[in-house]
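Student: Fold the following and give me the result.
(2 chains)
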Amino acid sequence: MRTSQLFTKTRKQAPSDETAINAQLLIKAGFIHKEMAGVYAFLPLGKRVLDNIAQIIREEMNAVGGQEVQMTTLQPKDIFEKTDRWDDAKVDNWFKTKLANGTELGMGLTHEEPIVDALSDYIQSYKDLPLSVYQIQSKFRNELRAKSGLLRGREFLMKDMYSFSRDQAQHDEVYEQIAAAYVRVFDRLGIGDFTYRTYADGGIFTKRFSHEYQTLSDVGEDTIYVDEAKKIAVNEEVYTDENLEKMGLKKEDLVQKRAVEVGNIFPLESKYTDALGVYYIDENGKQQPIIAGCYGIGVSRLVGMLAEHFSDDKGLVWPEAVAPFKVYLARLGDDEAVVAEADKLYNNLTTAGVTVLYDDSDKRPGEKFADSELMGIPYRVVVSGRTVEGGAHELKGRLESEARLVSSDEIVKALS
RNA sequence: CGGGGAUUGGCGCAGUUGGCUAGCGCGCGCGGUUUGGGACCGCGAGGUCGAAGGUUCGAGUCCUUUAUCCCCGACCA
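Tutor: Numbering: from 1, shown residues only, chains lettered A, B, ... in the order given. Take a look at the predicted model:
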């Protein structure tokens, strides 16, 4: 893409109503637009990052047998009444609305009930299990207080998967497969080394622990206790002597840290399937309960988390896997030879499958360099009168201080 | 929801004890000089001061109500 076709612009100052680093950088670089507190629109660059993250998650969910669906934002009341999650006294962060005739509706709080309800048409036999279904969709939660830019919003993009198994043993197997997929997701996003599977409260309906995936960060809202050797952590909400014993962890091995919850996985047992009257028939023709699990990843929160973590005083520093473009091609000057060479390199890179943001504007060099750094594009290539004359252009990584001089062909080879 | 702070062109800000056509920087448009780290000169467009009501000869400055935003806490992915 050429910058002349990109409607967003970078700006030097962030709006004064944003104090979170992630929101400041993403707004300055033109990735997001604030609609209201806790509600952000994704502009072209931000949308590309969001999609890149979603695609990684999608690939890993598919790899463990997940089938992608798209449920609805508007939700009927009755199924939530069956599980006792409609009453404001029970769940107080619903956004609710009404049909013209007065019928009450919910707005995409979570999707256990609609998924179970939809699948009840299809799950009848043990042969239909196990089954995992997921979606990547906006969730709406009426938080008392939105905060920290993309880290806690009222509307956010989430991947939520739901698994259905014939018994606890089968469920445990699926659960661990998905847990392994989560590790691969966070590795691919570049945060695997400091993202911990963390014991957390399983909720009031199960004595089991749930697990959160907590990424260490000073801006995190959660306090966790990390056992670095075992690569596991404990949320402070379940940090008791009794629980530590169950987990096989020792207090002296645990270090207190702040972290951002980027994902969670929950054993649901048969709470939702039972409540909605969904069962399967086993080999003996007997009706049996279905054991479910749910598995979330905060996609838009990850954009904020990654922006917050991968940044320096010059701006964003995206990992290649999620960067909106791999290369920022800065053309300096508009001599015919320079334009021709830069155009050619742009075409060659694009043809080779490399995503390029081609700065074809007449801005001054300093501004182009600053833009490429603020946007956090992993590689910067400079084509100028100087480099055209020398037959080699500049190639520099976002965090490198010195550029290398490399021929056009070698640049294409190195980057593709 | 409790406590604290804020709201003045697109963005960042200034605006004395109420007093003249509400300023500055960035950005934007036009012209010119520039061209390897956010250039410079000139000209220009753009705000009725979050909203409503009130006090006053006169309100961005005072009073009341209200909306929105940020931070801390409680709550929550």
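
Student: what's downstream of the helix or strand where residue A:54 lies, the next helix or strand?
Tutor: Using DSSP states H and E, residue A:54 falls within helix A:44-63. Going down the chain from helix A:44-63, the next helix or strand is strand A:67-68, by DSSP H and E.

Student: which helices and strands does that next one pack with?
Tutor: Using 3 or more CB pairs under 8 Å, 6 or more residues apart in numbering; DSSP states H and E, the elements in contact with strand A:67-68 are helix A:44-63, strand A:131-140. Any C-beta I mention is one placed from the backbone N, CA and C, and that applies to glycine too.

Student: so where's the stretch 301-416 of chain A uncertain?
Tutor: Applying pLDDT under 70 to the stretch 301-416 of chain A flags no residue at all.

Student: Could you tell me which residues of it lie near RNA strand B?
Tutor: For the stretch 301-416 of chain A, the contact set with RNA strand B under CB under 7 Å from any atom of the strand comprises A:301, A:314, A:332-333, A:362, A:364-367, A:369-371, A:373-374, A:382, A:384-387, A:394, A:403.

Student: Need the pLDDT of residue A:204.
Tutor: As predicted, residue A:204 sits at a pLDDT of 63.

Student: so what's the closest residue to RNA strand B within chain A up against?
Tutor: Chain A approaches RNA strand B most closely through residue A:366 (2.4 Å), counting by CB to the nearest atom of the strand. Contacts for residue A:366 (CB atoms under 8 Å, 6 or more residues apart in numbering) come out as none.

Student: before we move on, what about residue A:403?
Tutor: Residues counted as contacts of residue A:403 (CB under 8 Å, 6+ apart) are A:380, A:382, A:394-396.

Student: cool, and residue A:131?
Tutor: A:67, A:119, A:123, A:163-164.

Student: tell me which parts of the stretch 1-150 of chain A are close to RNA strand B?
Tutor: Contact residues (CB under 7 Å from any atom of the strand) of the stretch 1-150 of chain A with RNA strand B: A:9-20, A:36-38, A:92-93, A:139, A:141, A:143-148.

Student: Got a PyMOL select line for the buried ones in these?
Tutor: In PyMOL, this line selects whichever of those come out buried by 16 or more other CB atoms under 10 Å:
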select buried, chain A and resi 10+14+18+20+38+139+141+146+148
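
Student: Quick check, central residue of chain A?
Tutor: residue A:299 (2.5 Å; CA atoms, centre = their mean).

Student: Got the phi and psi for the closest residue in space to that residue that isn't next to it in sequence?
Tutor: Using CB to CB, 6 or more residues apart in numbering and skipping residues adjacent in sequence, the residue nearest residue A:299 is residue A:157, 4.2 Å away. When read as degrees, to the nearest 10, the backbone of residue A:157 gives phi -90, psi 130.

Student: One more: residue A:74?
Tutor: Main-chain torsions, residue A:74, degrees, to the nearest 10: phi -80, psi 130.

Student: Just give me the neighbour total for it.
Tutor: 11 (other CB atoms under 10 Å).

Student: And for residue A:322?
Tutor: Residues near residue A:322, counting by other CB under 10 Å, number 25.

Student: again, but for residue A:405
Tutor: Neighbours of residue A:405 using other CB under 10 Å come to 14.

Student: what does residue A:73 give?
Tutor: A count of nearby residues for residue A:73, using other CB under 10 Å, gives 18.

Student: And for residue A:34?
Tutor: 16.

Student: that older thread, for the helix holding residue A:54, which outside residues touch it?
Tutor: Contacts with helix A:44-63, where a contact means CB under 8 Å, 6+ apart, come from A:1, A:6-8, A:26, A:29-32, A:42, A:68, A:132, A:134, A:136, A:157, A:159, A:161, A:181-182, A:184-185, A:188-189, A:297, A:299-300, A:302-303, A:306, A:318, A:321-325, A:375.

Student: Let's see the ChimeraX selection covering just the buried ones among those residues.
Tutor: Buried subset of the contacts of helix A:44-63, written as a ChimeraX selection, criterion 16+ other CB under 10 Å:
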select /A:1,6,8,26,29,30,31,32,42,132,134,136,157,159,161,181,182,184,185,188,189,297,299,300,302,303,306,318,322,323,324,325,375
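
Student: partner strands of the biggest strand by length in chain A, parallel or antiparallel?
Tutor: Secondary structure of chain A per DSSP state E: the longest strand is strand A:255-269. Strand pairing for strand A:255-269, using DSSP bridges, gives strand A:210-216 (antiparallel), strand A:222-227 (antiparallel), strand A:291-298 (antiparallel).

Student: Just put those strands in a markdown table and tack on distance to RNA strand B.
Tutor: Output for the strands paired with strand A:255-269, formatted as a markdown table (distance: least, CB to the nearest atom of the strand, whole Å):
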| stretch | distance to RNA strand B |
| --- | --- |
| strand A:210-216 | 7 |
| strand A:222-227 | 7 |
| strand A:291-298 | 4 |
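
Student: Turn those into TSV, including mean pLDDT.
Tutor: Listed next are the strands paired with strand A:255-269 as TSV, based on pLDDT from 0 to 100:
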stretch	mean pLDDT
strand A:210-216	96
strand A:222-227	95
strand A:291-298	97
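
Student: Cross the contacts of residue A:131 against helices and list the overlap.
Tutor: residue A:119 (DSSP state H).
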